[in-house]
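Student: sequence and predicted structure, then a few things I'm wondering about:
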Amino acid sequence: MIVAGYVAAVFIGLVLGLIGAGGAVLAVPVLVYLFGIDPMLATAYSLFIVGVTSSIGAAIRYKLIIMHLRIAMLFAVPSLTTIFLTRMYVIPAIPPVIFEVGGFQLTKGVMLLSVFAIVMFFSAFSMIRNEQPEEEAGATVITNYFVLVLRNAAIGVLFGLVGAGGGFLIVPALVIVMKLPMKHAIGTSLFIVSINTLLGFLGDVANQAIDWQFLAGFCGISIAGMLFGTFLGKKIDGKHLKKGFGWFVLTMAVLIFAKELFLS
């Protein structure tokens with residue numbers, strides 16, 4: 001299982017490099033199911049792994065001029081405070097057992113993974129069903145700043161709850177709402193994800209015992225996958241990346257639901 005876990009670490013980086021999202025979608029299940037890490041600690045580790053790997057990918061895409069810094073800040077800044085406060089105060093306040101009915105017990109870990117999967121379903125369908133053509137790189141981006149601030153502050157709470165950088169929510173928003181081409185959305189998402197995840201992880205340091213040696217090794221392998229994914233992404237059409245992203249997230253959501261609700 002450990003060997004499979006490190007193979008999956010390569011795949012986590014590969015997915016981030018290809019679609020600018022999905023790192024936490026993979027990292028949390030891999031850490032929980034293959035390494036046997038507690039779901040709460042796994043969400044913290046996920047934030048660090050995805051944050052470090054995404055920052056490398058964002059730097060590469062910034063150099064290639066396929067990242068929109070202004071749009072990235074519009075998404076990142078409103079969610080910074082809420083993701084930090086959620087990891088620092090909300091997560092520790094959730095009781096270990098939410099409720100128990102008969103022989104069924106909803107634990108904190110199962111609840112968080114279930115919320116994770118539900119949000120993934122909505123994100124996946126938005127990408128699979130969207131038939132809008134790819135916009136040109138210089139397309140005009142229309143923004144309602146007040147709505148963006150409120151929405152992204154709320155999304156920050158969700159990021160904090162599920163230990164995700166939010167790429168699986170950010171990429172669809174950048175493509176569908178902000179009208180960015182898929183490859184530009186990927187680069188912009190990586191920058192946002194790196195900020196959100198690393199700040200969120202800071203909220204965990206005070207509450208969790210961190211195995212830094214394990215994280216360093218896992219991140220190194222994931223970064224290798226990121227570099228390979230970035231190389232492959234240059235050769236794949238943006239429309240195919242968008243559809244593939246949707247189906248990937250949908251598949252992971254089904255697997256998480258099946259494991260938590262039917263195979264536990």
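Tutor: Thanks, I have the structure now.
Student: SS state for Ile71?
Tutor: With DSSP: H, G, I helix; E, B strand; the rest coil as the basis, Ile71 sits in helix.
Student: what sits against the spatially closest residue to it that is not a sequence neighbour?
Tutor: Leaving aside its chain neighbours, Ile71 sits nearest to Thr188 (5.7 Å; criterion: Cβ to Cβ, 6 or more residues apart in numbering). Glycine gets a C-beta too; all of them are placed from N, C-alpha and C. Residues in contact with Thr188 (Cβ atoms under 8 Å, 6 or more residues apart in numbering) are Gly20, Met67, His68, Ile71, Ala72, Phe75, Ile170, Leu174, Leu180.
Student: how about 7 Å then?
Tutor: Thr188 sits next to Met67, His68, Ile71, Ala72, Leu174, Leu180 when contact means Cβ atoms under 7 Å, 6 or more residues apart in numbering.
Student: most neighbours out of those, which is it?
Tutor: Leu174 (28 neighbours; other Cβ atoms under 10 Å).
Student: quick check, that one in a strand?
Tutor: No - applying three-state DSSP, one finds Leu174 to be helix, outside a strand.
Student: what about the nearest residue to it once chain neighbours are set aside, how many neighbours?
Tutor: In this structure, Leu174 finds its nearest non-sequential neighbour in Ala185, 3.8 Å apart by Cβ to Cβ, 6+ apart. Look at Ala185: counted by other Cβ under 10 Å, it has 32 neighbours.
Student: distance check, Ala185 against Ile98.
Tutor: 35 Å (Cβ to Cβ, to the nearest Å).
Student: do Leu180 as well
Tutor: Taken as Cβ to Cβ, the span from Leu180 to Ile98 is 38 Å.
Student: now do Ile56
Tutor: Ile56 is 37 Å from Ile98, by Cβ to Cβ.
Student: what does Ile2 give?
Tutor: Distance from Ile2 to Ile98, by Cβ to Cβ: 31 Å.
Student: look at the two and report which has more neighbours.
Tutor: Ile98 (12 against 9).
Student: just to be sure, that one is in a strand?
Tutor: Yes - going by three-state DSSP, the assignment for Ile98 places it inside a strand.
Student: what sits against it?
Tutor: By Cβ under 7 Å, 6+ apart, the neighbours of Ile98 are Leu106, Thr107, Lys108, Met111.
Student: if we can go back for a sec, okay, and the residue nearest to Leu174 sits in which element?
Tutor: Following DSSP states H and E, the helix or strand that holds Ala185 is helix 182-205.
Student: now the element after that helix, going C-ward?
Tutor: helix 212-233.
Student: all strands of the stretch 1-150 of the chain, in order?
Tutor: 97-101, 104-107 (DSSP state E, counting those that start in this stretch).
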